[in-house]
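Colleague: Build the 3D model from these lines:
(2 chains)
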Amino acid sequence: MRYLESVVTLEFDPKACNGCGMCVIVCPHAVFAMIDKRAVVADRGACMECGACAKNCEPEAIRVRSGVGCAAGVLAGMIAGTEPVCGCPGDSSACC
Amino acid sequence: MVTFRIKENASCGEQGSPGCCSQTVMRAHWLDRIGTPWSDGVIPTEVGEVPRVRTALNYRDRIGTIKARWGVGRMSYRVAPGLYGVGDPGPDSPVLVSANYKLSFDRLRSVLSGRDAWILVLDTKGINVWCAAGKGTFGTDEIVRRVQMSGLERIVSHRKLVVPQLGATGVSAHVVRNRCGFRVVYGPVRAADLPAFLDAGMKAQPEMRRVRFNFVDRLVLIPVELVMGGKYALLAAAALVLLSGLTLHGYSFANVRTTGLMSAALIFVSSFGGAILGPALLPWLPGRAFSIKGAVLGFAMLGALIVSGWTALSPSGPSLHVAAWALMTPAIASFTVMNFTGASTFTSLSGVQREMRFALPAQITGSIIGLGLWVIGLLVPGGRMS
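Modeller: Predicted coordinates for the structure are as follows:
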């Protein structure tokens, strides 16, 4: 199954990559692959913007606006006037 | 003197975080973990006794899982954070990091039968690994804190932590290493693959690194979807039942029994139908946006009711109420399935925001116009379904 692909915010700077391969390890959708000891974006459209790659990229070669791909969270954010929140205000039951 | 000695004995890391360096607190943490239904004894270590947990799940664990899947007490289904052991772990045994949502903890310990390992449970406020990592509660700070609080560096001789791959959203492996000396090794996505991962010398096959969302994965999420949407559906249905008695000549209880009950049934079809069939049929519903999948499903369900000759929707002539439901059913089903994005494993924030920009106004407009037609249908002759 694939989702809306054109809006993905993933950015990768190959020049900054140190070839550690962490992005390949942590990505749950195989967005990255290693070619000649450097990371490449192999399937950008599969990115779900979880942010695991950027968080584990020591040379900061990856940027992505990460957040919850959750309509209820986006709606809660809209109502509260904040960023999308994966929602437990006061630990309500409506939470992932 | 005495106070000094107590402080020294407390099992804190050198840079012990505030609030953890009192033996009373440590003892309280320990008491929370010991004597639980899932523990059976203790493992003596240099820094004190560590609770040993069973790897076999019993009927109470299974009933707990079923209740959590139905949203019963789901937000307080927790395990006390801290260090646990399975089997007979020693200084060389692997350290597996987990969340303190009991469902996550149960998954992990149930695959470890016959193995010796340490389990370091983080305080994720009872939220599963992936969601907690998204919030940052399953994160770098909490790992470093728990490593120091548990005295792990005196319990194991190696410096490796096996962290579930989905925790990576909240964890910076290189920062953990810099701050507490432990190297994060990302384990497989699914606990079920953990034995194979450990046996292969902590190497994961590529398919162990992929998150899936197959039929069974989706089906187990349906109960919570039903419970979460259920209260709104009940409220909406109750409101329509009450309103349905309105006529130009006063209140008609006969109409409540016909139009009212039919309308309540259609609310349930739209909402519960979306919550059940949306997840079940997700890959086969057309469109990529979940809101479109839901709208298509709504039309299909309504169409099926009409074709099957459901009396309420097969009037002698087209009534306003048929038009009303042709708007409301897709709108409600669209909203219901759109909310399933939060439970899915592949939707991005940017994508959800994009689809909500067109879907939310459409759902609101459809519902309001539909409701308007429905109310008018109550009042004009021949407007109701019968």
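
Colleague: ok, which stretches of chain A are helices?
Modeller: All helices of chain A, identified by DSSP state H, fall at A:22-26, A:52-55, A:71-80.

Colleague: residue of the stretch 201-350 of chain B with the smallest distance to chain A?
Modeller: Using Cβ to the nearest Cβ, the single residue of the stretch 201-350 of chain B nearest to chain A is B:G342, 3.0 Å away. In this view, the C-beta of every residue, glycine as well, is placed from N, C-alpha and C.

Colleague: count of neighbours near the closest residue to that residue other than its chain neighbours?
Modeller: Nearest residue to B:G342, sequence neighbours excluded (Cβ to Cβ, 6 or more residues apart in numbering or on different chains): A:C70, at 3.0 Å. A:C70 has 27 neighbours, counted by other Cβ atoms under 10 Å in any protein chain shown.

Colleague: Ok, the one 3 residues further on next?
Modeller: The criterion is other Cβ under 10 Å. On that basis, A:G73 has 25 neighbouring residues.

Colleague: before we move on, what about the one 10 residues further on?
Modeller: For A:E83, the neighbour count with other Cβ under 10 Å is 11.

Colleague: picking up where we left off before, would you agree the residue nearest to B:G342 is in contact with B:F340?
Modeller: No. Look at A:C70 against B:F340 with Cβ atoms under 8 Å: they stay out of range, at 9.4 Å.

Colleague: Please enumerate residues in contact with the helix or strand where B:A239 lies?
Modeller: For B:A239, the enclosing helix or strand under DSSP states H and E is helix B:222-243. When contacts are defined by Cβ atoms under 8 Å, 6 or more residues apart in numbering or on different chains, helix B:222-243 is touched by residues A:93-94, B:69-71, B:74, B:256, B:260-261, B:263-264, B:267-268, B:271-272, B:274-276, B:278-280, B:336, B:339-340, B:343, B:374-375, B:378.

Colleague: Only whichever of the residues you listed are buried, select them in PyMOL.
Modeller: Selection of buried members from these for PyMOL, criterion 16 or more other Cβ atoms under 10 Å in any protein chain shown:
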select buried, (chain A and resi 94) or (chain B and resi 69+71+74+256+260+263+264+267+268+271+272+274+275+276+278+279+336+339+340+343+374+375+378)
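
Colleague: taking the contacts of helix B:222-243 one by one, which sit in helices?
Modeller: With helices taken from DSSP H, the overlap with those comprises B:69, B:261, B:263-264, B:267-268, B:271-272, B:274-276, B:278-280, B:336, B:374-375, B:378.

Colleague: Next one: the closest residue to B:P89 other than its chain neighbours from chain A, what distance?
Modeller: Using Cβ to Cβ, 6+ apart and skipping residues adjacent in sequence, the residue nearest B:P89 is B:D116, 4.4 Å away. For B:D116, the distance to chain A equals 25 Å [Cβ to the nearest Cβ, to the nearest Å].

Colleague: Can you show me the CA trace of the least confident helix or strand in chain A by mean pLDDT as CSV?
Modeller: Within chain A, confidence by mean pLDDT, DSSP states H and E is lowest for helix A:71-80 among all helices and strands, at a mean of 88. Coordinates of each C-alpha in helix A:71-80 appear next as CSV, following Å, rounded to 0.1, in the frame of the first residue of the first chain:
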residue,chain,number,x,y,z
ALA,A,71,-5.9,12.8,11.1
ALA,A,72,-7.2,12.8,14.6
GLY,A,73,-3.9,14.3,15.7
VAL,A,74,-3.9,17.0,13.0
LEU,A,75,-7.5,17.8,13.9
ALA,A,76,-6.6,18.1,17.6
GLY,A,77,-3.8,20.4,16.6
MET,A,78,-6.1,22.5,14.5
ILE,A,79,-8.6,22.9,17.3
ALA,A,80,-5.9,23.6,19.9
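
Colleague: That helix near chain B at all?
Modeller: Yes. Applying Cβ under 8 Å from any Cβ of the partner chain, one finds helix A:71-80 in contact with chain B at A:71-75.
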